[in-house]
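Student: Dropping the sequence and predicted coords here.
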Amino acid sequence: MNNYKTKKVFLDQGSAADIIYGDAFDRLGLKESDLKPYRGTLVGFTGGRVSVRGYVEIPTAFGEGEFFKKFQLKYLVIASRANNNALLGRDTLNKLGAIISTSHLTIKYPACNGKIGILRVDQEAARGCYLKSVALYGKKAAKESHRITGIFTQEDLRPQPLEETKSVRVKDKILKIGSRLSKNQEDRLITLLGDNLDLFAWTINDVPGIDPSVITHKLGIRPGAKPVMQARRRMSEEKDKAVQVETNKLMKALFIREVQYPTWLANVVMFREANGKWRMCTDYTSLSKLEETWRCMLIVKSPMAGDHGEDLKEAFAQLRKYSMKLNLEKCSFGIQGGKFLGFMITSRGIEVNPDKCKAILDMKSLANV
């Protein structure tokens, strides 16, 4: 660690943090100026909170020679006393590709050359560490592991479910933009949106349709597939009214028409969106011979905030060229991150939506086996 050969490193597959304990920070040649601020909270296995001095990034190497692997790791630095110098959590062990055998006190991992590296623990030293920990804190505390509930720094901030937006008036319309824009960025964005208000569909009648020579959507039914007629499903009164409203909208816009369909027949399915409104979809469960279905979604992502205006102009030009319209209720502009097709889009790229894995992230490590 930090070019020092480090002993007494505890490997904890139940911990979400890498930790440097007590005076090991000084013995690794690190200074207080190397620490970066940490705004999160470190929670022990028993639920107690642990004071964190900050975090530090240092190189950490495993193995030697042809089995050498090296990573730049982030360690939380805590003042708590411990018989170990450091702790490596599950993220680092996963990055290493480590397979741990506690009964053999051995770690195996894939080396860069395709061979298998092996790290063996000194059994006598490991037992000595445990006995000293028991003497210091008691048997229960000696087994305590840690998990992290906070974050590292602003640069590494994990994405929140959705950045807050605010409503702004653009001419006579209301649009949603990011709440973290500077005054100059906000003014330029509002001007750009005002010049392209014709691209928004304020009602379903504002959607002219796309020329069939550009694209045509159809159900790709496999030849020889047997027709399926689903039985009618009864809905609640609220859902039934929502179906009537949505159907009338589509018929009025000439998106659909009424036909007598004696062979293929599928029910509609209603589900409530996050904004509280109903969405009507078609149940293709029985029509499983279809090749594919899709929804058209669009994201304009810019590597630099200053380039976003030009990127939006290019996207708007393409939309106008093919007579495509944007759904106002689905649009947000100038945001730094948010939900998209069930994932989170941030400056780092595409990530898992934390809402969808909250239960797993909050799961505590097993106390007993």
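Tutor: Cool, the structure landed. Numbering: from 1, shown residues only.
Student: And this structure, what are its domain boundaries?
Tutor: 9-154, 158-218+295-369, 220-292 (automatic domain parsing).
Student: The ones you listed into a markdown table, with extra columns for mean neighbour count?
Tutor: Glycine gets a C-beta too; all of them are placed from N, C-alpha and C. Output for those, formatted as a markdown table (neighbours: other Cβ atoms under 10 Å):
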| stretch | mean neighbour count |
| --- | --- |
| domain 9-154 | 16 |
| domain 158-218+295-369 | 13 |
| domain 220-292 | 11 |
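Student: could you dump those to TSV with distance to residue 3?
Tutor: What follows is the domains of the chain, written out as TSV (distance: least, Cβ to Cβ, whole Å):
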stretch	distance to residue 3
domain 9-154	7
domain 158-218+295-369	29
domain 220-292	50
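Student: For the ones you listed, give me TSV that also has mean pLDDT and distance to residue 1.
Tutor: Below are the domains of the chain laid out as TSV (pLDDT from 0 to 100; distance: least, Cβ to Cβ, whole Å):
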stretch	mean pLDDT	distance to residue 1
domain 9-154	77	5
domain 158-218+295-369	78	24
domain 220-292	79	45
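Student: Which of these sits closest to residue 2?
Tutor: domain 9-154 (4.2 Å; Cβ to Cβ).
Student: what does whichever strand or helix holds residue 61 rub up against?
Tutor: Using DSSP states H and E, residue 61 maps to strand 52-62. With contact meaning Cβ atoms under 8 Å, 6 or more residues apart in numbering, strand 52-62 is reached by 1-3, 20, 25, 28, 30, 34-38, 40-42, 68-79, 92, 96, 109, 117, 119, 152-153.
Student: With only the CA atoms kept, save it in PDB.
Tutor: Extracted in PDB, the C-alpha atoms of strand 52-62 (Å, rounded to 0.1, in the frame of the first residue of the first chain):
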ATOM      1  CA  VAL A  52     -14.100   9.500   9.600                       C
ATOM      2  CA  ARG A  53     -11.100  11.800   9.200                       C
ATOM      3  CA  GLY A  54     -11.400  11.800   5.400                       C
ATOM      4  CA  TYR A  55     -10.300   9.700   2.600                       C
ATOM      5  CA  VAL A  56      -7.100   9.200   0.600                       C
ATOM      6  CA  GLU A  57      -6.300   7.600  -2.800                       C
ATOM      7  CA  ILE A  58      -3.200   5.500  -2.900                       C
ATOM      8  CA  PRO A  59      -1.800   2.700  -5.100                       C
ATOM      9  CA  THR A  60      -2.300  -0.800  -3.800                       C
ATOM     10  CA  ALA A  61      -0.500  -3.800  -5.200                       C
ATOM     11  CA  PHE A  62      -1.200  -7.500  -4.900                       C
END
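Student: ok, then the element right after it?
Tutor: Strand 52-62 is succeeded, C-terminally, by strand 69-78 (DSSP H and E).
Student: what pairs with that following strand, and is each one parallel or antiparallel?
Tutor: strand 19-21 (parallel), strand 52-62 (antiparallel) (DSSP bridges).
Student: Perfect, I'm done here.
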